[in-house]
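[1] Structure for this input, please:
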Amino acid sequence: MIDMSSLRPVRFFVACLLLFQIVPSHAQERVASGREYMISAPTPEAVEAGLAILAQGGNAVDAAAAVAFALLVTDPQMGSVGGRSQILIRLADGTFVGIDGATQAPMRVDEPWGRGHGYGTIPIPGTPAALEEMVGDYGTLSLSEVLQPAIRLALDGFRIKQDLHGAFRSNRERLSLYPGTRAHFFKADGSPYSQGDIFKQPALAVTLQTIALEGAEALYSGSLADALVSELEANGGLIRHDDLAQYRPRAGEIVEGDYRG
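    Okay, here's the model as predicted:
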């Protein structure tokens, strides 16, 4: 066991939210096929996380949640623990279910808000609550079980590929502005990561481990909420405990129609 009590979980959470610019991937086109199931994700590590959960006996929803959590680790330029999730599930009987895990503006927000980057632009997160609801209502494994691949990826690290390296390079100046981003997106000596380096994120592992042990409520009314609010209050952020405590995912509106009959 690793003693993670001394690590501050929210530093990485805030660091991910501060990385606002999205850098597109230009990977070569690939074609794949499958007979029984298929997992598609932007990183191979996330695909492997989903496969591991299927091998463990989880269903498609469990695998999808494991993929989503793994992407928070391996694809940080596209999402984070503080991000949003729009979930669409087709059940075995053919019906569709939607879960709207959108982020929300803090109640103390002033217009204009949410432009640019920085502590003041951070919204109320939706992803942890939405994924927990998805697993609890439609999965067969526990939230803790589907989180394990992501936790291992954060602790053990993964090899940086071209697209993530490009994101680090493009956002280097912005990432250097904040203590959290400097600590987590640069090496200990302050130098940038290069393509092929192993990228470990122990503080993110603590955050995910806390959610695995305490549920998503840790982020909305528990220890992670306390750490997050403290960090944001000290740095001009707008989220407070009442913002987090009131958050609930909503039922997603399913839009259906016909196309050319």
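
[2] my read is Gly98 is in a strand, agree?
    Yes. Assessed by DSSP: H, G, I helix; E, B strand; the rest coil, Gly98 belongs to a strand.

[3] where does it land on pLDDT?
    We have a pLDDT of 97 for Gly98.

[4] Nearest spatial neighbour of it, chain-adjacent residues omitted?
    Excluding the flanking residues, the one nearest Gly98 by Cβ to Cβ, 6 or more residues apart in numbering is Gly252, at 2.3 Å. Quick note: C-beta positions are derived from backbone N, CA and C, even for glycine.

[5] Count the residues that sit near the one you found.
    Neighbourhood size, Gly252 [other Cβ atoms under 10 Å]: 18.

[6] residue contacts, it?
    86-88, 97-100 (Cβ atoms under 8 Å, 6 or more residues apart in numbering).

[7] Using PyMOL, define a selection of the buried residues within those residues.
    Buried residues within the contacts of Gly252, by 16 or more other Cβ atoms under 10 Å, are selected in PyMOL with:
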select buried, resi 87+97+99+100
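
[8] Isn't Glu45 up against Leu153?
    Yes. Assessed by Cβ atoms under 8 Å, Glu45 is found in contact with Leu153 at 5.7 Å.

[9] which element follows the helix or strand bottoming out on mean pLDDT in the chain toward the C-terminus?
    Within the chain, no helix or strand scores below helix 10-18, which has a mean of 49 by mean pLDDT, DSSP states H and E. Where DSSP states H and E defines the elements, the next helix or strand beyond helix 10-18 is helix 44-55.

[10] Restrict that next one to CA atoms and write it as CSV.
    Included here for helix 44-55 are C-alpha records, laid out as CSV according to Å, rounded to 0.1, in the frame of the first residue of the first chain:
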residue,chain,number,x,y,z
PRO,A,44,-4.9,3.1,-26.0
GLU,A,45,-4.6,3.1,-22.2
ALA,A,46,-8.3,4.0,-21.9
VAL,A,47,-9.2,1.2,-24.3
GLU,A,48,-7.2,-1.2,-22.2
ALA,A,49,-9.0,0.0,-19.0
GLY,A,50,-12.3,-0.8,-20.6
LEU,A,51,-11.1,-4.2,-21.7
ALA,A,52,-9.9,-5.0,-18.2
ILE,A,53,-13.3,-4.2,-16.7
LEU,A,54,-15.0,-6.4,-19.3
ALA,A,55,-12.6,-9.2,-18.5
